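>>> Sharing a model that was predicted from the sequence below.
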Amino acid sequence: MPTDQGSVKKTTKQRLSIQRMRDNEAAGRQRGLDTGDSILPQAYHTRLFKLFGQIEHEFEGMYAENLQLQDKVEALTEKLEAFQSGKVPSVEGADGFDGPARLSVRSKASTQLSNLIMKPKYKPTTGKNVFSFKGASTSGCQQMRHFRGHRDGVWEVSVSRGDMPLLGTAGADRTARLWCIETGACVLEYVGHLGSVNSIRFHPTESLVLTSSGDSTAHIWKSTVTLPPLIHQVTDNSKSCPSSGDDVDGSDKEEPDVGVENENIVYVKSPQSQLEGHSGAIIAADWLAGGKQLVTASWDRTANLYDVDTRAIVHTLTGHDQQLTHCCAHPSQKLVVTSSADTTFRLWDFRDPSIHSVNVFQGHTDSVTSAAFASGDKIVSGSDDRSAKVWDLKNMRTPIAMIRSDSGINRLSVSLTNNVIAIPHDNRHIRLYDLNGVRLARMPRNNRMGHHRMVCCTAWNDESSSCNLFSCGFDRQVIGWKVGILAT
């Protein structure tokens, strides 16, 4: 029998955690950090790996079956909501209903279902920033481009700044890639890490990229690339770097080594700077405002603040009771927020060099997977407790808005221009909300569009007119979306 949705979420999270641990251990062995060989005979090793493979196969079967059931539940839920809101005409005999009495029963069932899933009834707000989408969600949010090349799940996606912005992706295949946003061409591949690459961030002003990995290190490397030859190369050989999502089939088959034979891709094998000091996998890293310092978050329950020029640790941030899950820096002020599996996230203030203060945010009941800064001194946090919360830094005791969901939330992002939150879910959906907690849209998803496994991260690109939202997931996909937002 298939497990329930919560069990599926936990199973998926555990698989990702185990995979990152294996990457970290393998990287340690390659660097000579292991303490000794196992005393188990080879026959026992072979038998254990075979048994674990069988267990994993069973879980994958249950996971696939649950996804099918979940699609059916979502389709029925949407039909019920449509009947309840009056969008579907009450035609006699439609959908198996043969009269007003049947419709009233269905309306009642819809109300009960809404109460069961604890869907809040939001009232329209009258603030200055009100947004409307161009048409329905399927037309106002369109999949524009597909970036294919990673051979394993993609943990994070990030966008650079400047005249020719680049898209950066961090993958469990131990590589980080840079892409041309306008063409979908892979222009650079970084292969300097020994473990899973867990995050990628661009320097605010220079051509530098910061990546963190399961090998317990963070790397800084050059991102200088030449785009014109690659645009010509995509025209001649679009198969190696497809720019559309028409070939997305959602299968988990081994993908071809896309881009390996592309002679125009720049391969970077070693970093300009390597930052050490953590005893566990580094799950995330980010540049502080100005780019002179950076912060890393690790599974060793600490975060480190580094000086970029000297590579020295300026501060070690301690206090979290469990492993860290994410870190994020304010774009213009020296503020850092760290998230943790201990159900809290913390705000660190480095604006005064002589002293740094910390504030603890408590309000979630499960692991806080991410927290991001928003305009107007606000922070948005997401959690495995299936909720996202908007906090005001002037009143940090209680959130000013809450978003309830039907699935765990991963690394969310906030558009600083439009104040729209893009939330990636464990159940393969991406939903958009405003800072008042009002749902704006859901990204379209079917057999040929959207993600087909857990969505790990989203990133906004407010300076682009073609693709202004990007997402990545455990299905190896990186998708560029066009979200039509109009200020009204």
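That came through, no problem.
>>> Check Lys269 and give its pLDDT.
According to the prediction, Lys269 has pLDDT 95.
>>> Count the residues that sit near it.
Lys269 has 9 neighbouring residues, counting by other C-beta atoms under 10 Å. C-beta here means a position set from N, CA and C on the backbone, and glycine is covered the same way.
>>> Neighbouring strands - and their directions - for the one helix or strand Ser370 maps to?
Secondary structure from DSSP states H and E places Ser370 in strand 368-374. Sheet pairing here is set by DSSP bridges, and for strand 368-374 it gives strand 378-383 (antiparallel).
>>> Tell me which helix or strand comes right after the worst-scoring helix or strand of the chain on mean pLDDT.
The weakest-scoring helix or strand in the chain, judged by mean pLDDT, DSSP states H and E, is helix 228-236 (a mean of 39). Downstream of helix 228-236, the next assigned helix or strand under DSSP H and E is strand 266-268.
>>> buried stuff in that following strand?
For strand 266-268, the buried set under the neighbour-count rule, 16 or more other C-beta atoms under 10 Å, comprises Val266, Val268.
>>> who touches it?
If you take C-beta atoms under 8 Å, 6 or more residues apart in numbering as the criterion, strand 266-268 is touched by Val187, Leu188, Glu189, Tyr190, Val191, Gly192, Trp221, Lys222, Val225.
>>> again, but for stretch 216-224
For stretch 216-224, using C-beta under 8 Å, 6+ apart, the contacting residues are 24, 27-28, 160, 166, 168, 178, 188, 190, 192-193, 195, 202, 207-213, 268, 270-276, 278-282, 285, 294, 296, 298, 306, 308.
>>> From these, which land in strands?
Among the contacts of stretch 216-224, DSSP state E puts 166, 168, 178, 188, 190, 202, 208-213, 268, 273-275, 282, 285, 294, 296, 298, 306 in strands.
>>> Is Phe49 located within a strand, as I assumed?
No. Counting by DSSP: H, G, I helix; E, B strand; the rest coil, Phe49 falls outside a strand, being helix.
>>> how close does it sit to Asn418?
From Phe49 over to Asn418 the distance is 49 Å, taken as C-beta to C-beta, to the nearest Å.
>>> For the two, indicate the residue with more neighbours.
Higher neighbour count among Phe49 and Asn418: Asn418, with 19 against 10, using other C-beta under 10 Å.
>>> Which helix or which strand is home to the more buried one?
Using DSSP H and E, no element contains Asn418; it sits outside every helix and strand.
>>> what does Phe59 give?
Per DSSP H and E, Phe59 falls inside helix 42-85.
>>> Where does the record place the domain boundaries for the chain?
40-116, 131-487 (automatic domain parsing).
>>> Looking at the first one now, give me its mean pLDDT.
Mean per-residue pLDDT for domain 40-116: 64.
>>> low-confidence ranges in the chain?
1-38, 81-139, 226-263, 465, 485-488 (pLDDT under 70).
>>> Try it again at 90.
Low-confidence segments of the chain (pLDDT under 90): 1-141, 161-165, 182-183, 224-265, 352-357, 376, 393-397, 445-448, 462-466, 484-488.
>>> returning to what we had before: point out the most buried one among the domains of the chain.
domain 131-487 (a mean of 20; mean count of other C-beta atoms under 10 Å).
>>> Reduced to three states, what does Leu440 come out as?
What three-state DSSP gives for Leu440 is strand.
>>> pretty sure it contacts Asn419?
No. At 10.6 Å, Leu440 does not count as touching Asn419 under the criterion of C-beta atoms under 8 Å.
>>> separation between Arg351 and Lys334?
Going from Arg351 to Lys334 by C-beta to C-beta gives 5 Å.
>>> Can you read off the backbone torsions of Gly184?
In terms of degrees, to the nearest 10, the main-chain angles of Gly184 are phi 80, psi 10.
>>> In this structure it contacts Leu166, no?
No. Contact criterion C-beta under 8 Å: Gly184 and Leu166 do not qualify, at 11.9 Å.
>>> backbone phi and psi for Ile220, please?
Torsion angles, degrees, to the nearest 10, at Ile220: phi -110, psi 130.
>>> what's across from it in the sheet?
Leu210, Ser273.
>>> before we move on, back to that, which one of the contacts of strand 266-268 sits closest to Gly149?
Among these, Glu189 lies closest to Gly149 (C-beta to C-beta), at 8.0 Å.
>>> quick one, what contacts that closest one?
For Glu189, the contact set (C-beta under 8 Å, 6+ apart) comprises Gly149, Thr175, Ala176, Arg177, Leu178, Gly259, Ile265, Val266, Tyr267, Val268.
>>> Doesn't Leu347 lie inside a strand?
Yes. Assigned with three-state DSSP, Leu347 falls within a strand.
>>> Does it touch Ser339 like I think?
No. The pair Leu347 / Ser339 is not scored as a contact, 10.8 Å apart, by C-beta under 8 Å.
>>> OK, contacts around the closest residue to Trp299 other than its chain neighbours?
Nearest in space to Trp299, with sequence neighbours left out and distances taken as C-beta to C-beta, 6 or more residues apart in numbering, is Gly280 at 3.6 Å. Listed by C-beta under 8 Å, 6+ apart, the contact partners of Gly280 are Asn24, Ser216, Ser298, Trp299, Asp300, Arg301, Gln323.
>>> In contact with the residue nearest to the last one when sequence neighbours are not counted, which residues?
It refers to Gln323. Once flanking residues are discounted, Gln323 sits nearest to Trp299: 4.2 Å by C-beta to C-beta, 6+ apart. Contacts for Trp299 (C-beta under 8 Å, 6+ apart) come out as Gly280, Ala281, Ile282, Ile283, Gln323, Leu324.
>>> and the gap between His57 and Glu182?
His57 is 41 Å from Glu182, by C-beta to C-beta.
>>> Met402 against Lys389, yeah?
Yes. Counting by C-beta under 8 Å, Lys389 is a contact partner of Met402 at 5.2 Å.
>>> could you measure Thr417 against Leu167, distance?
Between Thr417 and Leu167 the distance is 18 Å, computed by C-beta to C-beta.
>>> oh sorry, the question was meant for Arg311
27 Å.
>>> One more: Thr224?
With distances taken as C-beta to C-beta, Thr224 is found 16 Å from Leu167.
>>> cool, and Ala441?
Applying C-beta to C-beta to Ala441 and Leu167 gives a distance of 22 Å.
>>> How about Thr318?
Distance of Thr318 to Leu167, given as C-beta to C-beta: 34 Å.
>>> again with Lys50
40 Å.
>>> again, but for Asn446
Distance from Asn446 to Leu167, by C-beta to C-beta: 24 Å.
>>> returning to that earlier point: check the contacts of Trp299 against His330 and report the nearest one.
Closest to His330, out of all of the contacts of Trp299 and judged by C-beta to C-beta, is Leu324, at 17.7 Å.
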